[in-house]
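Undergrad: Provided below for reference: sequence and predicted model.
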Amino acid sequence: MKLRHSPCLLLAALPATGLAAVSLPESEAALEIRAEDPVFRRQWALEELERVLGPKEWKALSNGPRSTFFRDMQGALLEELMFSGPLPEDPAKMLRIAEALWKEDRGGMADRNELTTAAAVALMYAKKDWPEDQADERYRYFRDSRKAGKLHPVFDTLATWEKRYVVSAGGNGGWAGPGGWGEDSLVWLRDHVKLPIKDYTGACWQAPYRLENVFGDSIHGSNYYAPFDKMIHAERVREVGGVCGSLSHYGATAARANGIPAITMGEPGHCAYAVRTARGEWTPAYSLSWERGLHTSLWGKTWTQLVLQEKVLDEKYATDRSSLHLWQARALKDKNPELAEKAYLLALKDQPLDQPLWSEYVTWLRDARKPAPLALKKVHDDVLAALADYPEAAWDVAQVIEAAMIEAVPADERIPFLLSFHNAIASHKGPVMWDLPKALDQQVKLLGKPGAELEFFEQVVSLQSKSDWLAPVVAWGSERFGKGGNTAWYEVLGRGLATGGSAGESTRKALRPAILAAAATNNVEAFQALAKAVATPDGPKLPALPPFPGELLSSGGLIRLSTTSNWDAPESHAAVLETRGGRLHTDSEVHPNVVVRLPKLGELSGIVVADASTGYNASRIVPIKVSISEDGQSWQEVFRSEKPGEPWRVDLAGKAPRASWVKVERDDNRKEVFHLSAIHVYGRRLQ
């Protein structure tokens, strides 16, 4: 259910008082809320606003010259500011911006389209380091562009919280200023980059990837764009080029300039972006890793939080009810902690997916209420039940509880207690890979007994043996326990996976599902860690494979097969990308393929593909086709051959194609197996 009010009608229905005048609940029954009642919503919104502003700012707002704005904003504007996601760090700044926009366009803001834009601008420009005096220009840009019919139609369907991802166009989540991604760039992108929404994920490639400009100046120096300072920044990025940061900002800002939510985000050694291609659906663009730090977010910096906040804020009725109870809890926690706790629980009941709410409640409970261990354990179980579909979010809250109560847990019960987290998430894939090894590091510290760490690892492996989290668990175990020739962890791993045979062979067999799982989730780090854990000196008998110029870009990458089979050796997949070669083998199928993810984006000089088989077995590989891709979605064919038994050499000299992905496949309609021993990709790293 989505609440919609006419600004004029709502204003007329409300008393023009300047005081919140909320009577604090004195019993559990008095916590009952009337979420649909605009007067009730207004009263509690004002109570919360007074709390976050503090006495001095509240008095300045509600009395004197600002009182006219204060009375007027208590209708629809207050609703949009207070029920559109979390407030910014500086609520007073937010209100000053809202007041300036109100003074400039009071009549225009009677239109809900302009009202939500103004509220979104006030909420986002109140962020730290964003210039307050530039907010009106951003508001005018979207107002005037909309009125002129120059924005994508989706803009008119957006609520205030959704527009926050649009109006925040800038640099790395902060203000870019003149010469950067300001209004001149927005206008240029609005008028020159008109695409269907989903195509904005490829808009970055309108600009060339160039480390050096035509004069030889590096992007990492101050002179790269200097000769082109008369050009609008968006235009010069498309004409001059740039690397991942410039290209990702071009793509994301092109979407936002046209009224479409988008963000930029940092990845290890890389900058990527994402576009909201449909309601509830964010699509990564130019992304090379699951390790994403969002530059713009309403909750936090992880991809899990982006997905989760999208779901929570889209459930407006439940989330609004939860917000009202949360404001009750905050008003009560110093005066009546027992009743405040009940209000927190009611807020969580209404919206159990609100991770920041869980974190606030748990921290306050720990510090103010100091509950007994059994009571904390109950909260721990409730958190896991509510957030199990989002393991990373569940851990963010659960770790606080585990650290708070571990001293009260008997030593012989600590492993079962810590395992309850893994038991809760094992059957849940989650929206994205996350840093589970870091969580495991924190948990073993809580054990307090180094001798118990391997036992804990064995139990975690057992719980996660059939989950998507097995690969990072085993990779963590390899890193923590497998150094210095220590073989004890192999036996522990084997027991955890309940496999037989000798330790070495059983471990290799046991790790096959984990290797395939790492490949399926594009977890290069886990894939490589697992490969190192089972590496053997053996390799296929291959002819000499002369390299192409540059470095072996495939080394340290990841392989994903269309299918696996009884003849496959996942433990040897990583070696296929190295000079010695390895082994991979699909099942019998039409159009079998092998996809290679390079560790970094590269400018390719050539590709070598080879197999050790001969005779009839060699004929099963042809006709063979090689394609490359920058994003793993759109593929460009660069080679095809029907000659069996050869090392196939793909010379890309002079073509310098960029790629992060390489696909090798059989290109006919036979249902047959496919196997290879080497896929070597050469060239120059671009990151």
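TA: Now that the structure is in, tell me what you want to look at.
Undergrad: Doesn't residue 559 lie inside a strand?
TA: Yes - under DSSP: H, G, I helix; E, B strand; the rest coil, residue 559 falls within a strand.
Undergrad: count of residues packed around it?
TA: 27 (other C-beta atoms under 10 Å). (C-beta placed from N, C-alpha, C; glycine too.)
Undergrad: which residues does it contact?
TA: 519, 527, 573, 574, 576, 577, 584, 594, 595, 596, 597, 679 (C-beta atoms under 8 Å, 6 or more residues apart in numbering).
Undergrad: Let me see the contact set for the last one.
TA: Residue 679 makes contact with 554, 559, 576, 577, 594, 596, 607, 608, 609, 662, 664 under the criterion C-beta under 8 Å, 6+ apart.
Undergrad: Name the member of the contacts of residue 559 with the most neighbours.
TA: residue 527 (29 neighbours).
Undergrad: Checking that one next. Helix, strand or coil?
TA: Residue 527 is classified as helix under three-state DSSP.
Undergrad: Number the residues from 9 up from this point.
TA: In the new count, where the first residue is 9, that last one comes out as residue 535.
Undergrad: Surely it and residue 582 touch.
TA: Yes - contact criterion C-beta atoms under 8 Å: residue 535 and residue 582 qualify, at 6.7 Å.
Undergrad: shared neighbours, those two?
TA: With C-beta under 8 Å, 6+ apart, residue 535 and residue 582 have common neighbours 566, 567.
Undergrad: For the stretch 359-508 of the chain, which segments are assigned as helices?
TA: 363-372, 381-395, 399-413, 422-433, 444-455, 461-472, 478-489, 496-504 (DSSP state H, counting those that start in this stretch).
Undergrad: what do you get for the stretch 509-658 of the chain?
TA: Using DSSP H, counting those that start in this stretch, helices in the stretch 509-658 of the chain cover 511-528, 532-541, 623-627.
Undergrad: neighbouring contacts of stretch 431-450?
TA: 298-300, 310-312, 315-316, 392-393, 396-400, 402-403, 407, 411, 429, 468, 471-472, 474-477, 480-481, 483-484, 487-488, 529-531.
Undergrad: are any of those residues buried, and which?
TA: Buried subset of these (neighbour count, 16 or more other C-beta atoms under 10 Å): 298-300, 310-312, 315-316, 392, 396-400, 402-403, 407, 429, 468, 471-472, 475-477, 480-481, 483-484, 488, 529-531.
Undergrad: What about the closest residue to residue 597 other than its chain neighbours, how many residues nearby?
TA: Closest residue to residue 597 apart from its sequence neighbours, by C-beta to C-beta, 6 or more residues apart in numbering: residue 571 at 5.6 Å. For residue 571, the count of nearby residues is 14 (other C-beta under 10 Å).
Undergrad: quick one, what contacts residue 571?
TA: 594, 595, 597, 600.
Undergrad: Where does residue 95 fall, secondary structure wise?
TA: Of the helices and strands defined by DSSP states H and E, none includes residue 95.
Undergrad: Mind checking what secondary structure the residue lying closest to it once chain neighbours are set aside has?
TA: Excluding the flanking residues, the one nearest residue 95 by C-beta to C-beta, 6+ apart is residue 60, at 6.2 Å. When classified by three-state DSSP, residue 60 comes out as helix.
Undergrad: Just the pLDDT for residue 60.
TA: According to the predicted model, the pLDDT of residue 60 comes to 97.
Undergrad: Surely it touches residue 101?
TA: No - taking contacts as C-beta under 8 Å, residue 60 lies outside contact range of residue 101: 11.7 Å.
Undergrad: picking that back up, tell me which of the helices of the stretch 359-508 of the chain lies nearest to residue 658.
TA: helix 478-489 (30.5 Å; C-beta to C-beta).
Undergrad: Average pLDDT for the closest one, rounded please.
TA: Computed over helix 478-489, the average pLDDT equals 87.
Undergrad: Show me what that helix is packed up against.
TA: Helix 478-489 makes packing contacts with helix 444-455, helix 461-472, helix 496-504, helix 511-528, helix 532-541 when contacts are defined by 3 or more C-beta pairs under 8 Å, 6 or more residues apart in numbering; DSSP states H and E.
Undergrad: and of the ones you listed, who's closest to residue 144?
TA: helix 444-455 (43.0 Å).
Undergrad: Just the pLDDT for the closest residue to residue 255 other than its chain neighbours.
TA: In space, and not counting its chain neighbours, residue 255 is closest to residue 212: 4.2 Å by C-beta to C-beta, 6+ apart. Residue 212 carries a pLDDT value of 95.
Undergrad: can you count the residues close to residue 212?
TA: 26.
Undergrad: coming back round to it: okay, the contacts of residue 567 in JSON lines with pLDDT and distance to residue 90 next?
TA: Converted to JSON lines, those look like this (pLDDT from 0 to 100; distance: C-beta to C-beta, whole Å):
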{"residue": "527", "pLDDT": "90", "distance to residue 90": "46"}
{"residue": "535", "pLDDT": "87", "distance to residue 90": "46"}
{"residue": "581", "pLDDT": "95", "distance to residue 90": "53"}
{"residue": "582", "pLDDT": "95", "distance to residue 90": "53"}
{"residue": "584", "pLDDT": "96", "distance to residue 90": "56"}
{"residue": "585", "pLDDT": "97", "distance to residue 90": "53"}
{"residue": "592", "pLDDT": "95", "distance to residue 90": "56"}
{"residue": "602", "pLDDT": "98", "distance to residue 90": "53"}
{"residue": "603", "pLDDT": "98", "distance to residue 90": "47"}
{"residue": "604", "pLDDT": "98", "distance to residue 90": "50"}
{"residue": "605", "pLDDT": "96", "distance to residue 90": "44"}
{"residue": "687", "pLDDT": "98", "distance to residue 90": "56"}
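Undergrad: Would you convert those residues into CSV that also reports distance to residue 631?
TA: As requested, those are exported to CSV (distance: C-beta to C-beta, whole Å):
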residue, distance to residue 631
527, 25
535, 29
581, 23
582, 27
584, 20
585, 23
592, 19
602, 15
603, 18
604, 19
605, 24
687, 17
